[in-house]
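K.L.:
For reference, the sequence and a predicted model appear below.
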Amino acid sequence: MMPGLEGIDVVVLAGGLGTRIRDVLGDTPKVLAPIDGRPFLDHLLDHLAALGAGRAVLSLGVGAGQVVDHLARGTAPLPVLPVVEAAPLGTAGALRHVLPSLTGDPVMVLNGDTWLDADFTAFLAEHRRIGLPVSLLCVEVADISRYGHVDLDGDGVLTRFAEKDTSAAGPGLINGGACLLSRKALDRLAASGGPSLERDFLASLPPGWISGWRAEGAGFIDIGTPASLAEAGAVIARRKGDA
């Protein structure tokens, strides 16, 4: 069996401001946040290489120079292409900016502040089986108040993006920060406007364009808050069998 990601391009969106975690990191970009003595990016690149990704395309903005310098000092476990935006473009704008560098069909897009340990072989296989232009990897969380959540029908087709609501509590299904985009979806993105990949692009797609795949038992954490950053080492260690 081929590795889970079959050599595809993976775009890592790592150009954000990181305002919620600036008191902890200072001027260090989120993707270089230290976790168990190593930058988060190093853990992430090791993870992508083990999953069989062909190349990591890093979409960089704030702190890009630090990331490029870090890459130059080491040897990445897979090919890495840094692409720097001159000004903040938002997640959709950042993806449009790297589109000329992408090859293959589909490509995966991953949030650069998210750790996601799931069965990517099954995710990619389900994307190909269903045949819709976009597939979201969805995870169940105990408290949806920090996130927007998603609704799926019985066939796994996405029926609604719900905006983040801090008054909503309890378990629910969220976009886990990874999606597969076919060439058809990328072409539509190139012709679209708006800065947000989720709000301006994905949420505006016609019905029947997006499927959602439930990643049962996935290891998931985003490192965007001081509390979650402190927990990230334990989550990453579980994948490596260290905990």
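P.N.:
All right, it came through fine. Residues are numbered from 1 along each chain as shown.
K.L.:
I would like the residues contacting the longest strand along the chain, please.
P.N.:
Assignment by DSSP state E gives strand 172-181 as the longest strand of the chain. For strand 172-181, the external contacting residues (C-beta atoms under 8 Å, 6 or more residues apart in numbering) are 106-111, 113-114, 116, 118, 123-124, 127, 133-141, 144, 147-152, 161, 189, 198, 202, 212, 214-215, 218, 220, 222. Bear in mind the C-beta positions are built from the backbone N, C-alpha and C, glycine included.
K.L.:
One more: stretch 26-37?
P.N.:
12, 14, 16, 18, 21, 24-25, 39-41, 43-44, 58, 60, 62-64, 66-67, 70, 112-113, 223-224, 229, 232-233, 236-237.
K.L.:
follow-up on the earlier one: tell me the buried residues in the longest strand of the chain?
P.N.:
Gly172, Leu173, Ile174, Asn175, Gly176, Gly177, Ala178, Cys179, Leu180, Leu181 (16 or more other C-beta atoms under 10 Å).
K.L.:
For those, give me TSV that also has pLDDT.
P.N.:
Output for those, formatted as TSV (pLDDT from 0 to 100):
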residue	pLDDT
Gly172	89
Leu173	92
Ile174	92
Asn175	90
Gly176	90
Gly177	89
Ala178	95
Cys179	97
Leu180	98
Leu181	98
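K.L.:
With just CA atoms, put stretch 65-79 into CSV.
P.N.:
Output in CSV follows, covering the C-alpha atoms of stretch 65-79 (Å, rounded to 0.1, in the frame of the first residue of the first chain):
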residue,chain,number,x,y,z
GLY,A,65,12.6,35.5,7.5
GLN,A,66,12.9,33.5,10.7
VAL,A,67,11.3,30.5,9.1
VAL,A,68,13.4,30.6,6.0
ASP,A,69,16.6,31.0,8.1
HIS,A,70,15.6,28.0,10.2
LEU,A,71,15.0,25.9,7.2
ALA,A,72,18.4,26.9,5.8
ARG,A,73,20.1,25.7,9.0
GLY,A,74,18.8,22.2,8.8
THR,A,75,17.9,19.3,6.5
ALA,A,76,14.1,18.8,6.0
PRO,A,77,12.8,15.3,5.7
LEU,A,78,11.0,16.1,2.5
PRO,A,79,11.2,18.8,-0.2
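K.L.:
State the mean pLDDT of it.
P.N.:
Averaged over stretch 65-79, pLDDT sits at 96.
K.L.:
hmm, who's touching that stretch?
P.N.:
So stretch 65-79 is in contact with 14, 27-29, 31-32, 39, 41-42, 45-46, 48-49, 53-56, 58, 60, 80, 82, 84, going by C-beta under 8 Å, 6+ apart.
K.L.:
Just give me how far it sits from the chain centre.
P.N.:
19 Å (C-alpha atoms, centre = their mean, to the nearest Å).
K.L.:
Sort out which residues of it are buried, please.
P.N.:
Gln66, Val67, Leu71, Leu78.
K.L.:
do the same with stretch 143-151
P.N.:
Ile144, Tyr147, Gly148, His149, Val150.
K.L.:
Of those residues, which is the nearest to Gly194?
P.N.:
Relative to Gly194, the closest of the buried residues of stretch 143-151 is Gly148; by C-beta to C-beta it sits at 15.8 Å.
K.L.:
for Arg128, helix, strand, or coil?
P.N.:
The three-state label given to Arg128 by DSSP: H, G, I helix; E, B strand; the rest coil is helix.
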